[in-house]
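Chemist: Whatever this is, show me its structure:
(2 chains, ligands or ions: 2)
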Amino acid sequence: MRDARVKLVTTLAVYSIKGGVGKTTTAVNLAYLAAAEGLRTLVWDLDPQGAASFFFRIKPKVKGGGKALLRDQGALDAAIKGTDFERLDLLPADFSYRHLDLRLGQSDKPRRQLERLLKPLRREYDLLLLDCPPGISTLSENVFAVADALLVPLIPSTLSIRTLEQLDAFLREKMPRRAPQLLPFFSMVDETKALHRTIMQDAPRQDLQILQSPIPEIDEIERMGLHRMPITAYAASEMAVGSYRALWREVKLVLSGEW
Amino acid sequence: MTDIASIEATVESFYKMRQTNSGTAELLVPSGLELHALIDAIDELIPAVREPDVTLSRRFFDSFDWRLFVAGVSLEWRFSESSASPYTAMSLFEDAQPARSTLCWRDLSESDAEPILQPLESEPGLLDEMPAGPVRERLAPLLEMRRLLPMVEVISQQTLVRLLNEDEKTVVRLVVEQNHFREPNAGRHGNLMCRLRLLSVRGYAEAFEQARLVLEKRLGLSVLDEPLAQEPLAQEALLAAGHRPGAYSTKLDQQLEPDQRADLATKQILRGLLETLEANLEGTRQNLDSEFLHDLRVATRRTRSALSQIKGVFPEALVVDFKQRFAWLQQITGPVRDLDVYLLDFPDMERRLPPALRSDLKPLHEQLVRLHAEAQRQLSQALGSAAFDSLLRDWHRFLDAEMPVSKAPTAEAVDLHPRARQAHPSHGPLPSDAELPGQALLPKQAAVPIKQVADQRIRKMLKRVRAEGRAITEDSPPEALHELRKSCKKLRYLMEFFQSLYPRDQIREQIKQTKLLLDNLGRFQDTAVQAQHLREHAESSVNASAGTSANAGANASAKPSVTSASTNASKNGLPPGTLLAMGALIGQLLNDQASARATFSDVFAAFDSAENAKRFKTLFATHDLCASAESARDKCGMPE
Ligand SMILES: Nc1ncnc2c1ncn2[C@@H]1O[C@H](COP(=O)(O)OP(=O)(O)OP(=O)(O)O)[C@@H](O)[C@H]1O
Ligand SMILES: [Mg+2]
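Modeler: Ligands and ions are numbered 1, 2, ... in the order given. The predicted model follows:
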């Protein structure tokens, strides 16, 4: 155990250009596991649809909306809600986040706004986890600027591999020195599909460093919406819980090896 | 819903009150209120989910002399019977295995500070046995050589209730804690107050207020103004278990009255010392830590000093007898104490050596540990002996006996148990029974006001210290400083015995001045003794390995020492590297001794200064006119 109170606050973003690939599902489960281990964790639900907020039964509503958050720290502090789980808090989504891009674009340092907002939170939390909406935008550039690593769920397909390569190229070009580390992993994997198997077998040959802990496609995971909480918290499926745990362990391992 | 994780979380939140969880309220649960009924009543007003109960045990630790309590710290060792274990990870990169048991340090002066946690699998004891970690790090400067002892165990059955909103989201947490205490040694146990705590969830302040209102207004529970923190729980349990936290002290704080009869006042002082001696007996027998024996020896030394320095208050034969028997006690406790000091100083001795030589001392350390174990065994035996038993019994009987009011033979002198005295091994020639009654007339100073005796004794000892100190020159032998130290100690003890008779600040100042001189003399003496021990140890080791037992006898010093026990052990041969390292150490120690010697004249001059002399004089001049015991009784109206 680390002796002194050396704090290494980590910022992780679950991000992909594509929608519906398992970002939110991954974000809430990893957040739960981290908090259960003792990390003071904050999830920021950046998606105006508010799926992460939904999983924690928290209303996707921020007083004053995204505008207020960008304007003063007090609004951000007041917006944070405790979840049902100790050490795990959430900054809820708000429908107004759909204009966030516009607002970010209007500020003087459009790509550094998120960084500015998150800075004071690093004193309160050990882990900041951002659940991003799909797509590439000023908001995602803000995310790239603040995140230590991007967790990128990939549904095994040739297209998704290509998109990942594009993202990699984009980051190398735009942020040659301070690009976040890419942590792609296979999501919603169906072993019965030949295509999934082929893609996953080929992956190591490419230079993409895809994590070795895939998340299988499981009905129980889909039913998380009925329970409205991370599946890792109520443990309906051993396989589901096991694969999220394995993924979390690998993420920690890779990050600690890296630094 | 069974949600283990959220139970764990709630249990944890009970300890870890975060700033973000600002709202907490503690309510008194009237005794006799049925827990089920209470929760049902709440549920009727606010949807509530009761989680499975969690049982948690905490053992509160402190040193025998309450060092943590005095420093405003509470230390508990938590172990839980269910899966509700606290987690300790603080960054992504830590091994976040939940510890089954955890040591928890709480700074009570900062009520909202987070506790410091360190996983610890077995009960804490001595610092040396504890793995490195944040709690150990904080304990080290406070605890030093003392052992942590389990003072009381609190077993908490926690019922966790979550209050929900319309989305069935937890918006307030409620913890009912039924506490039970158990005293680990005497086995005393019983119930403590039932506590109900309302914990807010961040961002749901309204729900918290609402819940508080429901509990207060609708269910009639009363909210405590100040939430009872952990401190009162620990204290409540300690008191219930019969402890008096912070009560142990080796300070001589007997409250004497200036016109109290000298014999009664002296008995009062001696009774206090006996209490200290007995309090440390069990810890010494078991060798819980080295301070028990140390305190026991200090109490013994003070007892002897009081017996010989407060002259003429008890029958002489009695004093002679007890002085001898306490000298015996001092002597049998000597070897272990010598080895304790040796071992306690060991890290310091190692540091004196260049790093390359340090590991050479290891065989010496191992040998000392072996010798210590043997000496401790003998000590425990001696403390279990009939001689020691009868010493305590006779001493109690003497101290509790009523004092004679006239010049009649004293009861206790006649009462003295002859058999007990014979059982005493190192007992000198006994005064014959025929002599006793004659000597047992009310002693000369017995009925004199204690203040007068005190003034007189202190003045006399001060005079002696001055004379001895002034006689010391650059060329004086070490024995002269040794003698001065003994007189100086007597002076210090006398002032301490009688400090309640003098203005507090003034007497403390004079004790302090005396201590400064004593420190200098102590440094001189202690380094000399350390060097002497090392030398004897080396010599006996060489003799042992050469098999020349005849020589060993010649080398043993007259007074019993550490080495006398080692001469008969065959495995005493120390490797040459160790002997060389010891030689290097002796050189260092002698240098230190020389530097203490060099500063002596300055230190003594400060003690012997005109200002200090004036302060002594104003403090210890006897102001009343009673010059002798007789006139004291006449003029001061003492009972005849
Ligand atoms: N491992 C899985 N097995 C089965 N279903 C899954 C799995 N992971 C996610 N799903 C389901 O897939 C859908 C999309 O998942 P999720 O919302 O996590 O993706 P997303 O990338 O966050 O979507 P969006 O881009 O809309 O934010 C959800 O209905 C979810 O229940
Ligand atoms: Mg999503």
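Chemist: What ranges in the stretch 351-500 of chain B fall below the confidence cut-off?
Modeler: For the stretch 351-500 of chain B, applying pLDDT under 70 flags the ranges B:403-441.
Chemist: Identify the residue of it closest to chain A, quick one.
Modeler: residue B:351 (22.2 Å; Cβ to the nearest Cβ). The C-beta positions use only the backbone N, C-alpha and C, and glycine is treated the same way.
Chemist: ok now the helix or strand where that residue lies, how far from the chain's centre?
Modeler: Assigned by DSSP states H and E, residue B:351 belongs to helix B:334-352. Centroid separation between helix B:334-352 and its chain, computed with Cα atoms, centre = their mean, to the nearest Å, is 19 Å.
Chemist: Packing partners of it?
Modeler: Under the contact criterion of 3 or more Cβ pairs under 8 Å, 6 or more residues apart in numbering or on different chains; DSSP states H and E, helix B:334-352 touches helix B:290-309, helix B:362-383, helix B:504-546, helix B:562-566, helix B:576-607.
Chemist: Please give the number of neighbouring residues around the residue of the stretch 351-500 of chain B closest to chain A.
Modeler: Counted by other Cβ atoms under 10 Å in any protein chain shown, the residues lying close to residue B:351 total 9.
Chemist: And the one 10 residues further on, by the same measure?
Modeler: Residue B:361 sits with 21 neighbouring residues when counted by other Cβ under 10 Å.
Chemist: if I look at it, how far off is residue B:583?
Modeler: To residue B:583, residue B:361 is 12 Å away according to Cβ to Cβ, to the nearest Å.
Chemist: again with residue B:509
Modeler: For residue B:509, the distance to residue B:583 - Cβ to Cβ - is 43 Å.
Chemist: cool, residue B:256 as well?
Modeler: From residue B:256 across to residue B:583, the span is 51 Å (Cβ to Cβ).
Chemist: roughly how far apart are the nearest residue to residue B:103 once chain neighbours are set aside and residue A:21?
Modeler: Leaving aside its sequence neighbours, residue B:103 sits nearest to residue B:120 (Cβ to Cβ, 6 or more residues apart in numbering or on different chains; 4.3 Å). Residue B:120 sits 44 Å away from residue A:21, going by Cβ to Cβ.
Chemist: check whether the lengthiest helix in chain A contacts ligand 1.
Modeler: Looking across chain A with DSSP state H, the single longest helix is helix A:238-258. No: judged by Cβ under 6 Å from any ligand atom, helix A:238-258 stays clear of ligand 1, getting no closer than 7.1 Å.
Chemist: Which other helices and strands does that helix contact?
Modeler: Helix A:238-258 packs on helix A:23-37, strand A:149-154, strand A:181-186, helix A:231-234, going by 3+ Cβ pairs under 8 Å, 6+ apart.
Chemist: which of these sits most buried?
Modeler: Neighbour counts (mean count of other Cβ atoms under 10 Å in any protein chain shown) averaged over each of the helices and strands packed on helix A:238-258 peak at helix A:23-37, with a mean of 26.
Chemist: What's the first helix or strand after it?
Modeler: strand A:41-45.
Chemist: Could you see whether ligand 2 lies near that following strand?
Modeler: No: with Cβ under 5 Å from the ion as the measure, strand A:41-45 is seen stopping short of ligand 2, the closest distance being 8.5 Å.
Chemist: one step back: just the angle between the helix holding residue B:351 and helix B:504-546, please?
Modeler: Here helix B:334-352 runs at an angle of 90 degrees relative to helix B:504-546 (axes from the mean of the first three to the mean of the last three Cα atoms, to 10 degrees).
Chemist: neighbouring contacts of helix B:334-352?
Modeler: B:145, B:287, B:290, B:293-294, B:297, B:358, B:361, B:365, B:368-369, B:371-372, B:375-376, B:378-379, B:530, B:533, B:560-562, B:565, B:585, B:588-589 (Cβ atoms under 8 Å, 6 or more residues apart in numbering or on different chains).
Chemist: go on, stretch A:92-106?
Modeler: A:45-53, A:58-62, A:65-67, A:70, A:79, A:81, A:110-111, A:113, A:133, A:137-139, A:142.
Chemist: Quick check: buried residues in that stretch?
Modeler: Residues of stretch A:92-106 classed as buried by neighbour count (16 or more other Cβ atoms under 10 Å in any protein chain shown): A:92, A:93, A:94, A:96, A:97, A:100, A:101, A:103, A:104.
Chemist: so which of those comes closest to residue B:274?
Modeler: residue A:92 (69.6 Å; Cβ to Cβ).
Chemist: What does the pLDDT read for that closest one?
Modeler: With respect to pLDDT, residue A:92 has a value of 97.
Chemist: Distance to residue B:321 and mean neighbour count for the helices and strands packed on helix B:334-352 - can I get that in a markdown table?
Modeler: Compiled in a markdown table, those are given as follows (distance: least, Cβ to Cβ, whole Å; neighbours: other Cβ atoms under 10 Å in any protein chain shown):
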| stretch | distance to residue B:321 | mean neighbour count |
| --- | --- | --- |
| helix B:290-309 | 10 | 20 |
| helix B:362-383 | 19 | 17 |
| helix B:504-546 | 30 | 18 |
| helix B:562-566 | 27 | 22 |
| helix B:576-607 | 35 | 16 |
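Chemist: Between those helices, which one is closest to residue B:401.
Modeler: helix B:290-309 (15.8 Å).
Chemist: Which strands or helices does that closest one pack on?
Modeler: Packed next to helix B:290-309, using 3+ Cβ pairs under 8 Å, 6+ apart, are helix B:262-279, helix B:281-286, helix B:316-332, helix B:334-352, helix B:478-497.
Chemist: Using CSV, write out every CA atom in that helix.
Modeler: Taking C-alpha atoms only, helix B:290-309 is exported to CSV below (Å, rounded to 0.1, in the frame of the first residue of the first chain):
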residue,chain,number,x,y,z
SER,B,290,9.9,-2.1,29.1
GLU,B,291,8.2,0.9,30.7
PHE,B,292,6.3,-1.3,33.3
LEU,B,293,9.6,-2.4,34.8
HIS,B,294,11.0,1.1,34.5
ASP,B,295,8.1,2.7,36.4
LEU,B,296,8.2,-0.1,38.9
ARG,B,297,11.9,0.6,39.5
VAL,B,298,11.3,4.3,39.8
ALA,B,299,8.6,3.8,42.4
THR,B,300,11.0,1.4,44.3
ARG,B,301,13.8,3.9,44.2
ARG,B,302,11.6,6.7,45.3
THR,B,303,10.3,4.5,48.1
ARG,B,304,13.8,3.8,49.3
SER,B,305,14.7,7.5,49.0
ALA,B,306,11.6,8.5,51.0
LEU,B,307,12.5,5.9,53.7
SER,B,308,16.0,7.1,54.1
GLN,B,309,15.6,10.8,53.4
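Chemist: quick check: mean pLDDT across it?
Modeler: For helix B:290-309, the per-residue pLDDT averages 96.
Chemist: With stretch A:131-139 instead?
Modeler: Model confidence over stretch A:131-139, given as mean pLDDT, is 94.
Chemist: quick one: is it near ligand 2?
Modeler: No: figure legend: stretch A:131-139 not in contact with ligand 2 (Cβ under 5 Å from the ion); closest approach 6.0 Å.
Chemist: Tell me, how many residues neighbour the residue nearest to residue B:103?
Modeler: Each residue near residue B:120 was counted by other Cβ under 10 Å, and the total is 21.
Chemist: coming back round to it: quick one: distance of the very next helix or strand once past the helix holding residue B:351 to the chain centre.
Modeler: Per DSSP H and E, the first helix or strand lying C-terminal to helix B:334-352 is helix B:355-358. Computed by Cα atoms, centre = their mean, the chain-centroid distance of helix B:355-358 equals 34 Å.
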